[in-house]
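Asks: sequence and predicted structure, then a few things I'm wondering about:
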Amino acid sequence: MASEGSQQQQQQQQQRVALKKELTLMHGVAVIVGIIIGSGIFLSPVGVIREVKSVGASLCIWAASGVFSILGALCYAELGVAIPKSGGEYIYIKEAFGPLIGFLTLWTIFFMVCAVPTAASALIFAEYVLRGFPETACMPDGWAAKLLGACAISLLTAINCINVKWAAKTQIIFTGCKLLALVIIIILGFIHVGKGYSNNLQDAFEGSDINGKTLAFGFYAGFWAYGGWNYLNFLIEELQNPYRNLPLAIVISITIVTAVYLLANVAYAAVLSPEQIISSNAVAITFANDKMGPAAFLMPLFVAISVFGAINGGTMSISRVFYVGAREGQLPEFLAMISYKQLTPLPSLIVMLIISLALLFLADIWTLINLLGFAFNIILTLTMSSLLYLRYSRPNLHRPIKIPLPIPVFVLLWCFGLVAMTIYQAPDQSLKCLGFIAVGIPVYFLCVAWERKPASFQRRYHGLTLALQKVFMVVTGETQADEDQEAAPKEDAAIKSE
């Protein structure tokens, strides 16, 4: 009887139409490392050294940025295992502060945090690929780069639509390639030092310009290069054994990134003077031209591969925010559906593709990028506030991981300080971003809070949803997140009874 019951349970699980738990610890590490290491470490370490003016001070900021990223990521690990739902910041903020603030977070992620970096990364990818094809420069208004970028986004979206494992394996391959490129830079830099050329590393702190403003802006540039450590939380429902693998993946990946970033910056500084770094548009390319000789042409290819992997990781992760937002009733029902054959969030991936392509061809991406950092820091501040508020309002919530209180308090104060500083230093951009977020308030009351919409509208809405469901062959997905949460207090009760 017991064996028959277990067989029936296995059959029911196989028949469930839900996102599968197919991501292992290695996949998790590849997702985080692959997203964090995009174009930044290859193109613009100049941002840090331009502020503090010396190699030694810049290395300190790179190290501090890595430590701060680990602290922030550990806070996300606590939230991720306490609320084991995909969706990342959106779901945590909604759980803590209610549907309106949650929707404004979703609104900001939907139109800014997801599509803007994807479109910008696609342009960077295309520009570095096209460096090997000078004849494309004759195409007007950068259309060659836009078309190639659109092809890259479309290809990666197709891979993510077909199979989550394919997307995860793609992420592992491209993460390995970008780490290989950085290892080459590190080895060449240390060989340069080993030959006795270490003048640039002597008196490393000479000429430092250290004050509150330069440290803050230098840290902002360094911390931004670590962006992406929060993306695995978007995929937690597809991560095997998340209580173990989420914190492990976070610690392993950010430790790897911090070590690689520090060693790469030492290699850059050993070969290039601070003046050369500051004047370079692409530090890795300048480095390659100096040290790699005829093989220097490989570095633009490595940059393109790195950015391609970052686009794949972002596509795989952020599409889950749309899926969860619809499942929570704050986006159209169609986005809460998954392909019944591939078991992937097909509608969310398609919508993300459409928004990314629209921004790629129709918007000034680089203007939007300036607003993105401020928007992300607002969301990060709200997320840290959520952690502290949930500790106060739901003290009995099952928390397999509980970070010491001073850590989230410190991260919150620092994030709030960055928001305040941005408002003070760039009020025009800040007001534009805040104005865009505020537009979401009437949208929320009209589209989400207003439940008694006219019957004719509801019939047409239902008919459109049904038609799209038939066209794309998708069904409403199930989730194990609530089952996981219900099981957690039973573990506590069992411990107490013992």
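Replies: Sure, I can see it.
Asks: okay, CA-based contacts and neighbour counts for the rest of this
Replies: Will do.
Asks: low-confidence ranges, the stretch 151-300 of the chain, go.
Replies: 212-213, 216, 220, 224, 281 (pLDDT under 70).
Asks: distance of Tyr340 relative to Phe472?
Replies: Counting by CA to CA, to the nearest Å, the gap between Tyr340 and Phe472 amounts to 10 Å.
Asks: name the residue in those two with the higher neighbour count.
Replies: The neighbour count for Tyr340 versus Phe472, taken as other CA atoms under 10 Å, is higher for Tyr340 (19 against 14).
Asks: may I have the phi/psi pair for the more buried one?
Replies: Backbone torsions of Tyr340, given as degrees, to the nearest 10, read phi -80, psi -10.
Asks: same check on Lys53?
Replies: Lys53 has phi and psi values of phi 70, psi 0 when expressed as degrees, to the nearest 10.
Asks: pretty sure it is touching Asn211, no?
Replies: No - with contact defined as CA atoms under 8 Å, Lys53 does not reach Asn211; the gap is 11.5 Å.
Asks: of the two, who's got more company?
Replies: Set side by side, Lys53 and Asn211 show more neighbours around Lys53, with 22 against 10, by other CA under 10 Å.
Asks: Cys433 and Thr108: what is the separation?
Replies: For Cys433 relative to Thr108 (CA to CA), the value is 9 Å.
Asks: and for the two, which residues touch both?
Replies: Shared contacts of Cys433 and Thr108, defined by CA atoms under 8 Å, 6 or more residues apart in numbering, are found at Ala375.
Asks: of the two, which one has the most company?
Replies: Thr108 (23 against 20).
Asks: so that one: helix, strand or coil?
Replies: Following DSSP: H, G, I helix; E, B strand; the rest coil, we place Thr108 in the helix state.
Asks: what about the helices in the stretch 151-300 of the chain?
Replies: Secondary structure of the stretch 151-300 of the chain, counting by DSSP state H, counting those that start in this stretch: helices at 164-194, 212-225, 242-271, 274-279, 283-291, 298-327.
Asks: can you give me the buried ones in the last one?
Replies: What it means is helix 298-327. By 16 or more other CA atoms under 10 Å, the buried positions in helix 298-327 come out as 299-327.
Asks: now swap in the fifth one and tell me
Replies: Within helix 283-291, the residues that count as buried by 16+ other CA under 10 Å are 283-288, 291.
Asks: same check, this time on the third one
Replies: Along helix 242-271, the positions that meet the burial threshold by neighbour count (16+ other CA under 10 Å) are 242-243, 245-255, 257-258, 260-271.
Asks: same question for stretch 82-99.
Replies: Buried residues in stretch 82-99 (16+ other CA under 10 Å): 82-94, 96, 99.
Asks: which ones among those residues map onto helices?
Replies: 82, 89-94, 96, 99 (DSSP state H).
Asks: export these as JSON lines, with columns for distance to Lys165 and pLDDT.
Replies: JSON lines is the format used below for these (distance: CA to CA, whole Å; pLDDT from 0 to 100):
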{"residue": "Ala82", "distance to Lys165": "26", "pLDDT": "90"}
{"residue": "Glu89", "distance to Lys165": "24", "pLDDT": "91"}
{"residue": "Tyr90", "distance to Lys165": "25", "pLDDT": "93"}
{"residue": "Ile91", "distance to Lys165": "25", "pLDDT": "93"}
{"residue": "Tyr92", "distance to Lys165": "27", "pLDDT": "94"}
{"residue": "Ile93", "distance to Lys165": "29", "pLDDT": "95"}
{"residue": "Lys94", "distance to Lys165": "30", "pLDDT": "94"}
{"residue": "Ala96", "distance to Lys165": "33", "pLDDT": "94"}
{"residue": "Pro99", "distance to Lys165": "33", "pLDDT": "95"}
